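Engineer: Need a 3D model of the following:
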Amino acid sequence: MARVKRGVTSHAKHKKTLDAAKGFYGRRKNTIRAAKAAVDKSMQYAYRDRKNKKRTIRALWIQRLNAAVRDLGLTYSRFIDGLTKAGVQVDRKVLSELAIHEPEAFKAIVEKAKSALPATA
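Structural biologist: Next up, the predicted model:
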């Protein structure tokens, strides 16, 4: 039975880890033990933050919509309620883009939402 030497695969694995640790400070960038721990943790952060990014972006759309509809005499929650009652199915991303780039079209949507809401005294 021939002897199996594993230096080549070990070096390849180490190189892959150290390449992923580029830009890290101190021993974390050039010592395999510290780099492996740092890279593993960075992958956990990256996975988590890909999920959090979706929440953050949605919150941004909502803030933009709230600011835009307040200029037109509504609040965000009343606006969304009006859209639901009017049967308008446009998502927040598109509404936010309309509010920024197509203010006239957005104004028409707001008026439609206002008309679907009951008149308040």
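
Engineer: Can you pull out the low-pLDDT segments for this structure?
Structural biologist: The model of the chain has pLDDT under 70 over residues 120-121.

Engineer: Check it for its longest helix and report it.
Structural biologist: Ranked by residue count, the top helix of the chain under DSSP state H comes out as helix 32-71.

Engineer: Tell me what angle the next helix or strand after that helix forms with helix 32-71.
Structural biologist: Next helix or strand after helix 32-71 toward the C-terminus (DSSP states H and E): helix 76-86. Angle of helix 76-86 versus helix 32-71, following axes from the mean of the first three to the mean of the last three Cα atoms, to 10 degrees, is 70 degrees.

Engineer: buried sites along helix 76-86?
Structural biologist: For helix 76-86, the neighbour count (16 or more other Cβ atoms under 10 Å) marks 76, 79-80, 82-83 as buried. C-beta here means a position set from N, CA and C on the backbone, and glycine is covered the same way.

Engineer: Pick the one among those residues closest to Arg64.
Structural biologist: Of all the buried residues of helix 76-86, Arg64 sits closest to Tyr76, with 9.8 Å by Cβ to Cβ.

Engineer: Find the nearest non-adjacent residue to that closest one, please.
Structural biologist: Once flanking residues are discounted, Tyr76 sits nearest to Asn66: 3.8 Å by Cβ to Cβ, 6 or more residues apart in numbering.

Engineer: Kind regards, and thank you for your time.
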